[in-house]
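1. coordinates only, sequence not included:
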């Protein structure tokens with residue numbers, strides 16, 4: 001017989017199915033095939049986190065969560081950003097948080113995102129071995145000198161354009177083509193200059209970066225006068241549906257968003273608030289660079305009072321990236337909904353979630369034949385089945401199917417009432433009268 005049990009996603013010391021468990025982090029994963037109820041459950045978890053006083057920043061690639069945003073904004077401080085062709089998002093990843101009134105690369109993790117972003121912009125232009133050397137030179141030489149000049153006032157504006165111009169000037173200095181004060185005599189020894197001259201291809205790097213410089217196709221992307229400040233916002237939704245077919249652009253925008261979230265994690269004003277980052281169906285953008293960022297966040301976010309939530313349709317995709325072990329290994333809450341089964345899927349679940357055959361059968365026993373959605377939740381090695389049954393109001397509020405007639409009617413009524421709760425009540429009344 002089924003028994004009710006409390007599903008507590010937040011407390012590290014809790015119970016699951018009357019069994020005591022101890023978690024070490026707030027990270028979660030959620031996997032379920034199309035129609036399994038993944039988006040509904042994720043929206044429900046979002047509401048649970050916000051109602052518990054936490055903050056959530058979300059990257060959504062499928063335009064699935066705008067409706068839940070409209071519902072939540074009446075109760076929480078929320079902010080919605082979307083990419084539009086005539087009004088794309090614009091960031092400034094060079095505006096890292098100052099420490100003691102100065103830019104100090106070694107005092108903030110935001111600098112790691114900046115370096116990763118710059119490397120991502122040139123990744124396809126260089127073989128792996130050469131790219132590794134260039135990566136080190138950007139992080140150990142070019143960026144420190146750039147910010148030293150910013151701190152001294154020699155560079156006035158901090159953005160991609162000024163970094164590009166700095167790099168062009170550095171090439172001239174390193175190649176002894178003209179006299180300049182960019183690098184003062186004795187500031188770097190000849191070994192460093194020789195290292196740059198021999199290993200940093202300024203011309204090819206400049207060509208790769210030029211489309212992000214003034215006059216280029218993406219000049220707007222990294223030259224904003226200020227960065228997004230999401231510190232005070234309980235729920236921030238970045239809707240990237242319009243660029244989901246461009247994994248490269250989606251990836252670098254997600255890096256910028258991750259950098260902004262990192263600044264929020266480090267804020268001394270939010271020490272008592274749990275801060276979650278949600279990436280919905282993000283496997284498609286996980287190359288070596290972005291995968292390292294996401295997996296690294298799963299490992300370190302708990303130190304800053306935060307959690308990562310990662311979702312997708314199948315574990316198989318994540319396993320193929322090479323980062324599944326680090327993500328699952330640093331996630332104490334893992335939720336599986338109905339799966340699209342293959343023998344490889346079973347093998348991945350056995351390997352990454354350490355499921356025995358009896359635990360695996362719990363996932364295989366999921367029954368979605370009625371007006372509910374079932375799944376399994378694993379916390380710190382304990383696995384139980386659960387069933388999510390939503391009221392008509394909640395089902396309508398959380399439904400993410402944009403083609404659903406009730407959804408279309410709901411959004412039309414929202415435009416009329418400017419109140420999502422009133423619109424939901426109206427749609428429910430109309431359905432009951434039919």
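-> Alright, I've got the coordinates. A quick note: this is a predicted structure, and the numbers were derived from the prediction, not measured.
2. ok so residue 289 is a helix residue?
-> Yes - counting by DSSP: H, G, I helix; E, B strand; the rest coil, residue 289 falls inside a helix.
3. Check what pLDDT it gets.
-> Among the per-residue scores, residue 289 shows a pLDDT of 92.
4. Which parts of the stretch 51-200 of the chain are helices?
-> Per DSSP state H, counting those that start in this stretch, the stretch 51-200 of the chain has helices spanning 66-72, 110-122, 128-137, 143-152, 160-174, 190-199. These are given in chain order.
5. right, so of those helices, which gets closest to residue 98?
-> Using Cβ to Cβ as the criterion, the shortest distance between residue 98 and the helices of the stretch 51-200 of the chain is 9.3 Å, found for helix 143-152. In this view, the C-beta of every residue, glycine as well, is placed from N, C-alpha and C.
6. So the residue most central in space within the chain: helix, strand or coil?
-> Nearest to the geometric centre of the chain sits residue 279, at 4.7 Å (Cα atoms, centre = their mean). Assigned state for residue 279: strand (three-state reduction, three-state DSSP).
7. pretty sure it contacts residue 307?
-> No - with contact defined as Cβ atoms under 8 Å, residue 279 does not reach residue 307; the gap is 11.8 Å.
8. so can I have a markdown table of the helices of the stretch 51-200 of the chain showing mean neighbour count, mean pLDDT and distance to residue 36?
-> Converted to a markdown table, the helices of the stretch 51-200 of the chain look like this (neighbours: other Cβ atoms under 10 Å; pLDDT from 0 to 100; distance: least, Cβ to Cβ, whole Å):
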| stretch | mean neighbour count | mean pLDDT | distance to residue 36 |
| --- | --- | --- | --- |
| helix 66-72 | 21 | 91 | 18 |
| helix 110-122 | 21 | 94 | 32 |
| helix 128-137 | 14 | 92 | 37 |
| helix 143-152 | 18 | 95 | 44 |
| helix 160-174 | 18 | 91 | 41 |
| helix 190-199 | 13 | 72 | 49 |
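9. Quick one: those helices as CSV, columns for distance to residue 364 too.
-> As requested, the helices of the stretch 51-200 of the chain are arranged in CSV below (distance: least, Cβ to Cβ, whole Å):
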stretch, distance to residue 364
helix 66-72, 30
helix 110-122, 39
helix 128-137, 40
helix 143-152, 51
helix 160-174, 50
helix 190-199, 54
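10. So for residue 317, which of the ones you listed sits nearest?
-> Checking those against residue 317 by Cβ to Cβ gives helix 110-122 as the closest, at 20.1 Å.
11. What's the local residue count around the closest residue to residue 266 other than its chain neighbours?
-> Closest residue in space to residue 266, ignoring its immediate chain neighbours: residue 304 at 6.3 Å, by Cβ to Cβ, 6 or more residues apart in numbering. Taking other Cβ atoms under 10 Å as the criterion, the count of residues near residue 304 is 18.
12. now the one 3 residues further on
-> Burial of residue 307 is recorded as 26 neighbouring residues (other Cβ under 10 Å).
13. so it bridges to which residues?
-> According to DSSP bridges, residue 276 are recorded as the beta-bridge partners of residue 307.
14. Who are the contact partners of it?
-> Residues touching residue 307, when contacts are defined by Cβ atoms under 8 Å, 6 or more residues apart in numbering, comprise 25-28, 274-277, 301.
15. Buried by neighbour count, from these: which ones?
-> Neighbour counting with 16 or more other Cβ atoms under 10 Å marks 25-28, 274-277, 301 as buried within these.
16. from these, which single one is nearest residue 385?
-> The shortest separation between residue 385 and any of these is 17.2 Å, and it belongs to residue 28 (by Cβ to Cβ).
17. State the distance from that closest one to residue 50.
-> Per Cβ to Cβ, to the nearest Å, residue 28 is found 15 Å from residue 50.
18. distance of residue 302 from residue 332?
-> As for residue 302, its distance to residue 332 is 10 Å (criterion: Cβ to Cβ).
19. now residue 283
-> Using Cβ to Cβ, we find residue 283 at a distance of 21 Å from residue 332.
20. try residue 279
-> As judged by Cβ to Cβ, residue 279 and residue 332 stand 17 Å apart.
21. What of residue 272?
-> Separation of residue 272 from residue 332 (Cβ to Cβ) stands at 21 Å.
22. ok, the two, which is more surrounded?
-> When neighbours are counted by other Cβ under 10 Å, residue 272 and residue 332 differ, and residue 332 comes out ahead with 21 against 7.
23. Perfect, that will be all.
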